[in-house]
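Participant: Need a 3D model of the following:
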Amino acid sequence: MNDLKHTSGLAEHARPRRLPLWLGKLILGVLLAHSAQASERVTFEATQGHSANKISLRAELSRPEGDGPFPAVVLMHGCGGWQPPVRYTMNRYAEHLVSKGFVVLNLDSFGPRNQGGGKVCESFDRLADARDYRTYDAHDALRYLQAQPFVDRGSVFLMGQSNGGSVAIKVAKGDGPHGQTGTTDGFRGVVAFYPWCGAFERRSVQLKTPLLVFGGGQDDWVPASECEGVRSTGADLQLIVYPEAAHSFDLDIVLQRYLGKLVGRNAQAADDSRDRMLAFFVGLSRHPGSEDTRVAQK
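Facilitator: Predicted structure coming up:
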């Protein structure tokens, strides 16, 4: 299958000239190495192995200087897994959040299960399975962070893209193995980027955790219209739709067709959603007067 075509500093509707394959890989490797230079590779056991009895999840952990405790964010990729443009964008999120006083755990659900490279995107059954076992992964990541002495265990957040965004919806609903949110036992808040809103399962839901959803008005993979009209009788639910944005609007990829669906960066949507996500996390942090949150508000 075709991989996502990555570019940095891309033009919105113009496809750049192709670089020689070896040069493109070299440049991308340098970019990834640079943006991940402050991260540490960590592993922890998955509650739900799915493809084996026992799976060790892998993740990249990034943190601010100092002892903390800091608020923290779990990042969950979409159905393509840790493809290069996804890792590049997630690393940029990590850098930004760390600079604002957050610990970041960028989680890889698919690599350890040999489901990377877009395999999950090609099958409705695999997508459904992933929403299930990755909901457990999200809670496993939460527990890992809550065990770290530099993390404020009551201020851990979740952000997911696409399939990871659907997982974020399930987490906000209270699905999963570990009890629920809004207290020191669970996620403080959840953000879903261009998710499949069928994960809500009904138009009226009783969310356990505040949820912020971003969608694209030009998304023909998981239309944002499916999210409109959903109401929460519990925790707060916000939906923001960018009319000109397609699926994967925050990834550094040229506008293109991927498995027949329109995907690609929209700079305005990417920048605005990043700022709104940060404000959402800061507003929900348990200690709004603490030093780490004051840094985040600058």
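
Participant: For the stretch 101-250 of the chain, give me the ranges with low pLDDT.
Facilitator: Within the stretch 101-250 of the chain, the stretches with pLDDT under 70 are 178-184.

Participant: Packing partners of the helix or strand containing residue 89?
Facilitator: Per DSSP states H and E, residue 89 falls inside helix 84-99. Packing contacts for helix 84-99, counted by 3 or more Cβ pairs under 8 Å, 6 or more residues apart in numbering; DSSP states H and E, involve helix 21-35, strand 56-62, strand 70-76, strand 103-108, helix 267-284. C-beta here means a position set from N, CA and C on the backbone, and glycine is covered the same way.

Participant: quick one: pLDDT of the closest residue to residue 152 other than its chain neighbours?
Facilitator: Residue nearest to residue 152 in three dimensions, not counting chain neighbours: residue 69, with 4.0 Å by Cβ to Cβ, 6 or more residues apart in numbering. At residue 69, the model reports a pLDDT of 96.

Participant: Give me the number of neighbouring residues for residue 69.
Facilitator: Other residues near residue 69 come to 19 when the count uses other Cβ atoms under 10 Å.

Participant: how near is it to residue 212?
Facilitator: 23 Å (Cβ to Cβ, to the nearest Å).

Participant: repeat for residue 80
Facilitator: 22 Å.

Participant: What of residue 128?
Facilitator: 24 Å.

Participant: Okay, helices next: where are they in the chain?
Facilitator: Under the criterion DSSP state H, helices of the chain are mapped to 21-35, 84-99, 124-146, 163-173, 267-284, 291-296.

Participant: coming back round to it: if you count what's nearby, which of residue 80 and residue 212 comes out ahead?
Facilitator: Taking other Cβ under 10 Å, residue 80 and residue 212 do not tie; residue 80 has more neighbours (27 against 24).

Participant: Now that one. Nearest residue, chain neighbours left out?
Facilitator: For residue 80, ignoring the flanking residues on the chain, the nearest one in space by Cβ to Cβ, 6+ apart is residue 118 at 4.8 Å.

Participant: Can you get me a residue count around that neighbour?
Facilitator: Neighbours around residue 118, by other Cβ under 10 Å: 19.

Participant: My read is that it contacts residue 83, right?
Facilitator: Yes - the pair residue 118 / residue 83 is scored as a contact, 6.9 Å apart, by Cβ atoms under 8 Å.

Participant: quick one: the residue nearest to residue 156 when sequence neighbours are not counted and residue 106, what's the gap?
Facilitator: On the basis of Cβ to Cβ, 6+ apart, the spatially nearest residue to residue 156 that is not a chain neighbour turns out to be residue 72, at 4.8 Å. According to Cβ to Cβ, residue 72 and residue 106 sit 12 Å apart.

Participant: Which one's more surrounded, those two?
Facilitator: Counted by other Cβ under 10 Å, residue 72 and residue 106 do not tie: residue 72 has more neighbours, with 30 against 25.

Participant: How much space separates the residue nearest to residue 148 when sequence neighbours are not counted from residue 43?
Facilitator: Distances taken as Cβ to Cβ, 6+ apart place residue 103 nearest to residue 148, at 7.4 Å, with adjacent residues excluded. In this structure, residue 103 and residue 43 are 17 Å apart, going by Cβ to Cβ.
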